[in-house]
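Enquirer: would you be able to build a 3D model of this:
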Amino acid sequence: MQLEALQEIALRVSGERTVDGVLRQIVDGLAHQPGVALARVWVVSPGDLCDSCYLRSSCADQTACLHLAASAGASLAGESWSRTDGQFRRIPFGHVKVGAIAANRTGLLLTDPSSEQWARPEWVRHESIQSFAGQPLVFRDETLGALAVFRRQSINEQEFRWLRMFADQAASAIANARAFSELDRLRQQLEFHNAYLKEEVQTALAFGSIVGRSGVVHRVLEQVDDVARTDATVLILGESGTGKELLANEIHHRGRRAQRNFVRVNCSAIPRDVFESEFFGHVRGAFTGALRDRPGRFQVADGGTIFLDEIGELPLDMQPKLLRVLQEGQYERVGEDVTRKVDVRVVAATNQDLQAETRARRFRQDLFYRLNVFPIELPPLRARKDDIPLLAAHFVAQASQKHGVPSLRLTKEDGERLQRYEWPGNIRELQNVIERAVILSRGERLQLDLALAGVPAAMVSLLPSSSIDTDDSILTEREWRDCERTNLLKALRRAEGRIYGAGGAAELLGLKPTTLTSRLRALKIDIPSR
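Expert: Numbers count the residues shown, from 1 in each chain. Now for the predicted structure:
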C-alpha cells in the first residue's frame, strides 16, 4: 500500500456526501491495493440483534457494539466478500481483534500467520493471508468504529503508519457525511413541513375560532378546556361540516404542545397503496417513484399534535400499525428496518358510528378503545340554531373581506330565515351559502334570495314569508326527508352519477363531497362508484 495510493483514496472519500458512499469508497479503494484480500469497516451503533447474536455473552452492556457496515474483497476462488451479514456482522467492544482496536483506540499489526491472535486460523491458511492491519476510527475524541485490512502480502511498519493517517482522514469523512445527512434530513423535513403548511393554509376552514354562545357549544368548550392541558387521546364525533378540525386546533393551541406542529391527515383522501408511506414515511428506493427519503406525517408531528380526520375510513390492514404507534410510540418507515420513536398527541375525528363499525368488524375494537379515551361530541347546527345568526354575521364579514366588497348587513329577518332550515351540511353549508350571497349581492344589503335560488327544494322554508303558501302548512320530518331525497337524486341525475369534481353533484348542491356521501348513506341512497 503506497502513500500516494492511500492519498488518492482519501481524496475520493472526501468527495462523498453520504455515509454509505464514504464507507464504500474506503473498502473498495483498499481492496484494490496490491495483495489486499479483504477490507472492512465496522461502525459503532446501538445494539439491535442482541437476542440472536452469538457473541451476546461477550458483550458488556448490550447497548452498543460494532456493526459491519462495509466490506470488499474476494476469495482465492473468486467469491465476492462484499456481504455484511456474515459471522462477524456484530462485534462487542473488546472482543477479538477488531473489538479490542475500537475499545483501546490503538492500532494492531499482525505479520505472523501462525500467531494465536487470529480468530479463524483455518481461514487464514486457506486464503493465504500473511498480515492484518487494523486502526480505530476516531474523530474529535469520539470512537466511530474500526478499519481492518487482511493482506496476502506482508504489511511493513511504514505502511501501518500510513494506514493510521488514512484512518484519521476516513473518520473525518464519516463524521462530515453524517453531518451532511443530518442537515439534508432537516432540510427535507423543513421543506415538507413548509409545503404542508402552505397546503393547510389553502385548505383550512375560513374561520379561525369557535363562534357561538349556545349552551351546547359552551359545554363542548368546557370539555376542551378539561382535556387540552393533558396529552390524552381525543376522539371528536359529529356530522360532516360541524367544525371537528377547528375543535382539534383549539385542543392543540390550548395545550402544552401549542408551539409545536399541528399536522392534519385526512384518512379518506389518501390512496390506499400509499397509506403507510404517508403516515410513517419511506426511504429512497422503497418503491417505484421513491426518489428520496421522505418523512411521514407522524415524524413531522413529533413533539406536537397529529389530527386524524375521517379516522373511520382508515383501511383495516393499516389499523394495527396505527395502534402500535399509539401504544408504543414506535414505527418503521417503508423500506427501512430501523425502529423510530415518536412523541405525538393524537386527536381523531369521525362522522361514523365507530361502535357499529366495530361490531361489523370494519374497525378494530382495540383501536377504537385506544382512540376513545376522551370523546367529544360536536352538535349539528340544527341543535344550536341560536348560533346561526351569529355564525352567519361572522361569515358575512369574512367573505366581504376575502372578496374585497364593502361590508354587508345581515338583518334580523335574514337570521330568522336561516334558522328555519335544518342545515344537513351544517356549518360548512351555511358558510357556502353566505359566501355565495356576498358574491352575488349589490349595495349594502345582503341579498340572500339570489344565493338561495339554487338551493335544494327542501330549503323552501328559507324563502321569505311572502313567498310561502298562505295555508301555513308544515312539513313533517318524513316529508322533509322525502323532499331532501328527491333533491339529492335530482342532483345525481344531472351530474350523471358523479359526486366529485367540477359539475359533480356535490358542487351542484354546494356541499363537500364527503358531506354529500354521508347524507346519501343516511338516506340509504346507493352511492355511485367513483
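Enquirer: residues in contact with whichever strand or helix holds Thr514?
Expert: Per DSSP states H and E, Thr514 falls inside helix 513-522. Under the contact criterion C-beta atoms under 8 Å, 6 or more residues apart in numbering, helix 513-522 has outside partners 239-241, 268, 310, 351, 424-426, 428-429, 484, 488, 499-500, 504-506, 509, 511, 526-527. Backbone N, C-alpha and C define where each C-beta goes, glycine included.
Enquirer: list the buried ones in it?
Expert: Pro513, Thr514, Thr515, Leu516, Thr517, Ser518, Arg519, Leu520 (16 or more other C-beta atoms under 10 Å).
Enquirer: tell me the spacing between Thr230 and Arg219.
Expert: Separation of Thr230 from Arg219 (C-beta to C-beta, to the nearest Å) stands at 18 Å.
Enquirer: which among the contacts of helix 513-522 end up buried?
Expert: The buried subset of the contacts of helix 513-522 - by 16+ other C-beta under 10 Å - is 239-241, 310, 351, 424-426, 428-429, 484, 488, 499, 504-506, 509, 511.
Enquirer: tabulate the buried residues of helix 513-522 (JSON lines), appending pLDDT and distance to Val98.
Expert: Listed next are the buried residues of helix 513-522 as JSON lines, based on pLDDT from 0 to 100; distance: C-beta to C-beta, whole Å:
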{"residue": "Pro513", "pLDDT": "83", "distance to Val98": "61"}
{"residue": "Thr514", "pLDDT": "81", "distance to Val98": "59"}
{"residue": "Thr515", "pLDDT": "81", "distance to Val98": "64"}
{"residue": "Leu516", "pLDDT": "85", "distance to Val98": "66"}
{"residue": "Thr517", "pLDDT": "83", "distance to Val98": "62"}
{"residue": "Ser518", "pLDDT": "80", "distance to Val98": "63"}
{"residue": "Arg519", "pLDDT": "82", "distance to Val98": "68"}
{"residue": "Leu520", "pLDDT": "85", "distance to Val98": "67"}
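Enquirer: export these to TSV and tack on distance to Lys341?
Expert: Shown next, in TSV, are those (distance: C-beta to C-beta, whole Å):
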residue	distance to Lys341
Pro513	37
Thr514	33
Thr515	37
Leu516	40
Thr517	37
Ser518	36
Arg519	42
Leu520	42
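Enquirer: and which of those is nearest Gly255?
Expert: Closest approach to Gly255 among these (C-beta to C-beta): Thr514, at 27.1 Å.
Enquirer: do you know the pLDDT at Phe180?
Expert: pLDDT for Phe180: 87.
Enquirer: please name the nearest non-neighbouring residue to it.
Expert: Spatially, and ignoring its direct neighbours in sequence, Phe180 is nearest to Arg17 (4.7 Å; C-beta to C-beta, 6 or more residues apart in numbering).
Enquirer: my read: the one you found touches Ala177, true?
Expert: Yes. Between Arg17 and Ala177 there is a contact under C-beta atoms under 8 Å: 6.2 Å.
Enquirer: which one's more surrounded, these two?
Expert: More crowded of Arg17 and Ala177, by other C-beta atoms under 10 Å: Ala177, with 20 against 14.
Enquirer: quick one, what contacts that one?
Expert: Residues in contact with Ala177 (C-beta under 8 Å, 6+ apart) are Glu16, Arg17, Thr18, Val19, Gly21, Val22.
Enquirer: distance from the chain centre to stretch 165-179, please.
Expert: 33 Å (C-alpha atoms, centre = their mean, to the nearest Å).
Enquirer: I'd like the next helix or strand past the lowest-mean-pLDDT helix or strand in the chain.
Expert: Across the helices and strands of the chain, mean confidence by mean pLDDT, DSSP states H and E is lowest for helix 448-452: a mean of 67. Scanning forward in sequence from helix 448-452 by DSSP H and E, the next helix or strand is helix 477-494.
Enquirer: helix or strand right after that next one?
Expert: Counting by DSSP H and E, the next helix or strand C-terminal to helix 477-494 is helix 505-509.
Enquirer: hmm, back to that, just the CA coordinates of the helix holding Thr514, formatted as CSV?
Expert: Taking Å, rounded to 0.1, in the frame of the first residue of the first chain, the C-alpha atoms of helix 513-522 are listed here in CSV:
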residue,chain,number,x,y,z
PRO,A,513,-68.2,15.5,-1.3
THR,A,514,-67.7,13.7,2.0
THR,A,515,-70.7,15.6,3.4
LEU,A,516,-72.9,14.6,0.4
THR,A,517,-71.7,11.0,0.7
SER,A,518,-72.7,11.0,4.4
ARG,A,519,-76.1,12.3,3.5
LEU,A,520,-76.6,9.7,0.8
ARG,A,521,-75.7,6.9,3.3
ALA,A,522,-78.1,8.4,5.9
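Enquirer: for the stretch 201-350 of the chain, which segments count as helices?
Expert: Ranges of helices in the stretch 201-350 of the chain, per DSSP state H, counting those that start in this stretch, are 215-228, 244-253, 275-280, 297-300, 319-328.
Enquirer: indicate which one of those is closest to Gln158.
Expert: Using C-beta to C-beta, the helices of the stretch 201-350 of the chain put helix 297-300 closest to Gln158, at 49.2 Å.
Enquirer: check which helices and strands that closest one is in contact with.
Expert: helix 157-203, strand 262-266, helix 275-280 (3 or more C-beta pairs under 8 Å, 6 or more residues apart in numbering; DSSP states H and E).
Enquirer: okay, these in a markdown table with distance to Val36 next?
Expert: Converted to a markdown table, the helices and strands packed on helix 297-300 look like this (distance: least, C-beta to C-beta, whole Å):
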| stretch | distance to Val36 |
| --- | --- |
| helix 157-203 | 11 |
| strand 262-266 | 50 |
| helix 275-280 | 41 |
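Enquirer: any idea how far apart the tips of stretch 72-89 sit?
Expert: For stretch 72-89, the separation between the terminal residues is 14 Å (C-alpha to C-alpha, to the nearest Å).
Enquirer: so how far is it off the chain centroid?
Expert: So, by C-alpha atoms, centre = their mean, the centroid of stretch 72-89 is 38 Å from its chain's centroid.
Enquirer: how many other residues sit next to Arg409?
Expert: Neighbour tally, Arg409, other C-beta under 10 Å: 12.
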